[in-house]
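S.K.: Next comes the sequence, and after it the predicted model I'd like to discuss.
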Amino acid sequence: MFTCIGYAASSATTPLAPFTFQRRDCGPLDVQIDITHCGICHSDIHTARSEWGPASYPCVPGHEIIGRVAAVGVDVTRFKLGELVGVGCMVNSCQTCASCEAGLEQYCDAGPTWTYNSPDPAFPKTDAYTFGGYSRAIVVDERFVLRVPENLDPAAAAPLLCAGITTWSPLSHWKVGVGHKVGIVGLGGLGHMAVKFAVALGAEVTLFTTSVSKVEDGKRLGAHRVVISRDAEAMAAEANQFDFILDAVSAEHDINAYLALLKQDGHMVLVGLPEKPMSIGAFSLVAKRRSLAGSAIGGIQETQEMLDFCGKHNITSDIEVVHADQINEAYERVLRSDVKYRFVIDMDTMPKSVQA
Ligand code: NAP
Ligand code: ZN
């Protein structure tokens, strides 16, 4: 075991603060990573504040992890010291169920081991749970470590590990590309990656945003059109036109308003995870044989494919780098939709020691 410093929430209502904890030493198949950057995902906020149900505290969030390999276990074959690597939302899974065998570990029957706030199989028979990437180091089974192309800026690549794969996976599963009219709802961390990917895949992309201030950014990011979703007349003009809509909104909103924009047999996919259930009118789906689906992050293999695509096309996130002592302020700004378009923590600013 070794001592690690991170930032943790000690309850649903307390700000995050410096925290010291123990990480396991590298086992035979483990990779130890010196974390250089970690993105701030809205899921970190939902979890730290127990919005999806009670979290375990202290809670060290963070699943958009980038760093360099600092040590490898004796049986590790895929990684070398010093390599640029990433870790996303999962650090293990059962490896035997149909989903794991299909390379879709995020849908593991037993539930994957999430990077934070998940029972930790490395400490069986205890109530230990995982600590995430708002920390100086992490130890992860090599099967859940991703290779990050060296041409990408490490800080701007960090959000690819969650915001990137979460939007890439449904676009890829529903084969979005040339000739498709695609809507992206919400220009946040996920939404801005969805715009970049859908444009790179050749689709005609319309951004739906509640924020008038994001119209120019939407176009700069590649959206062909931007519609203000609070404008009822503008929304009505979009009815029955879209092949595919990806909804990346973090808070309660009216899904029916977007289902109405799908053409016959169109698909709408939810990746946003608001804390409260949403209501769906049967007519919204039945009227034109529309489908509504959901999608969770992506499997390890497709995460690697996404990173390789980003390396080839030089795609990263638009980020604002923050210091560790600015995490709480960053959370408040995310909640105000005031982020362009992902906060990333510079791990060099993590305290070197923590006063008891
Ligand atoms: P984010 O950066 O906060 O972006 C969310 C965006 O939603 C905002 O920028 C805003 O866009 C829009 N929005 C916020 N409040 C709204 C409201 N009341 N009504 C309508 N639109 C609103 O969050 P994120 O990190 O991208 O995450 C988005 C959601 O996806 C979160 O719920 C997160 O937990 C979830 N998530 C899911 C997965 C998965 O595997 N499915 C993975 C990661 C995250 P505009 O200003 O453009 O309207
Ligand atoms: Zn996330």
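M.R.: Now that the structure is in, tell me what you want to look at. Ligands and ions are numbered 1, 2, ... in the order given.

S.K.: which SS class is the residue of the stretch 201-350 of the chain found nearest ligand 2?
M.R.: Residue nearest to ligand 2 within the stretch 201-350 of the chain: residue 297 (7.5 Å; CB to the ion). (Glycine included, C-beta is placed from N, CA and C.) At residue 297 the chain is in coil, as set by DSSP: H, G, I helix; E, B strand; the rest coil.

S.K.: show me what contacts it?
M.R.: Counting by CB atoms under 8 Å, 6 or more residues apart in numbering, residue 297 touches 88-90, 106, 162, 165-166, 169, 303.

S.K.: Show only the entries of those found in strands.
M.R.: Counted as lying in strands by DSSP state E, out of the contacts of residue 297, are residue 90.

S.K.: Can you read off the pLDDT for the closest residue to ligand 1 within the stretch 51-200 of the chain?
M.R.: The minimum distance from the stretch 51-200 of the chain to ligand 1, using CB to the nearest ligand atom, falls at residue 188 (1.7 Å). Residue 188 is assigned 97 on the pLDDT scale.

S.K.: all strands of the stretch 151-300 of the chain, in order?
M.R.: Applying DSSP state E, counting those that start in this stretch to the stretch 151-300 of the chain gives strands spanning 181-185, 204-209, 225-228, 242-247, 262-270, 291-294.

S.K.: Could you give the bridge partners of residue 37?
M.R.: residue 66, residue 346 (DSSP bridges).

S.K.: For residue 32, what are phi and psi?
M.R.: The phi/psi pair for residue 32 (degrees, to the nearest 10) reads phi -100, psi 130.

S.K.: Quick check, pLDDT for it.
M.R.: Note on residue 32: pLDDT of 98.

S.K.: which residues does it contact?
M.R.: Contacts for residue 32 (CB under 8 Å, 6+ apart) come out as 26, 69-72, 137-139.

S.K.: What are the contacting residues of stretch 283-290?
M.R.: Applying CB under 8 Å, 6+ apart, the contact partners of stretch 283-290 are 240, 255-256, 259-260, 262-268, 291-292.

S.K.: Helices of the stretch 101-250 of the chain, start to end?
M.R.: Counting by DSSP state H, counting those that start in this stretch, the stretch 101-250 of the chain has helices at residues 154-157, 163-173, 189-200, 215-220, 232-236.

S.K.: hmm, the fourth one in reach of ligand 1?
M.R.: No: using CB under 6 Å from any ligand atom, helix 215-220 stays clear of ligand 1, coming no nearer than 8.0 Å.

S.K.: all numbers from here: first residue = 26
M.R.: Okay, using 26 as the starting number, the last item reads as helix 240-245.

S.K.: same for that helix, what does it pack against?
M.R.: Applying 3 or more CB pairs under 8 Å, 6 or more residues apart in numbering; DSSP states H and E, we find helix 240-245 packed against strand 229-234, strand 250-253.

S.K.: strands paired with the first one, and their directions?
M.R.: As defined by DSSP bridges, the strand partners of strand 229-234 come to strand 206-210 (parallel), strand 250-253 (parallel).

S.K.: circling back to that earlier point, just the ones of the contacts of residue 57 in strands?
M.R.: Short answer: the contacts of residue 57 in strands (DSSP E) are 94-97, 162-164.

S.K.: In contact with the most centrally placed residue in the chain, which residues are there?
M.R.: Centroid check for the chain by CA atoms, centre = their mean gives residue 187 as the closest residue, at 2.5 Å. By CB under 8 Å, 6+ apart, the residues touching residue 187 are 64, 66, 68, 88-89, 113-114, 322.

S.K.: Could I get the pLDDT score of the residue in the stretch 76-225 of the chain positioned nearest to ligand 2?
M.R.: Nearest to ligand 2 in the stretch 76-225 of the chain, going by CB to the ion, is residue 187, at a distance of 3.2 Å. Residue 187 carries a pLDDT value of 98.

S.K.: For the chain, what lies in contact range of ligand 2?
M.R.: When proximity is defined as CB under 5 Å from the ion, the chain approaches ligand 2 at 66, 68, 187.

S.K.: cutoff 6 Å now
M.R.: Taking CB under 6 Å from the ion as the contact definition, the chain meets ligand 2 at 66, 68, 88, 114, 187.

S.K.: The first one reaches residue 188, doesn't it?
M.R.: Put plainly, it is residue 66. Yes: contact criterion CB atoms under 8 Å: residue 66 and residue 188 qualify, at 6.6 Å.

S.K.: Which neighbours do those two have in common?
M.R.: Joint contacts of residue 66 and residue 188 (CB under 8 Å, 6+ apart) are 89, 214.

S.K.: okay if I get the strands of the stretch 176-325 of the chain as CSV plus distance to residue 139 and mean pLDDT?
M.R.: Formatted as CSV, the strands of the stretch 176-325 of the chain follow (distance: least, CB to CB, whole Å; pLDDT from 0 to 100):
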stretch, distance to residue 139, mean pLDDT
strand 206-210, 25, 98
strand 229-234, 29, 98
strand 250-253, 34, 98
strand 267-272, 22, 98
strand 287-295, 19, 98
strand 316-319, 17, 98
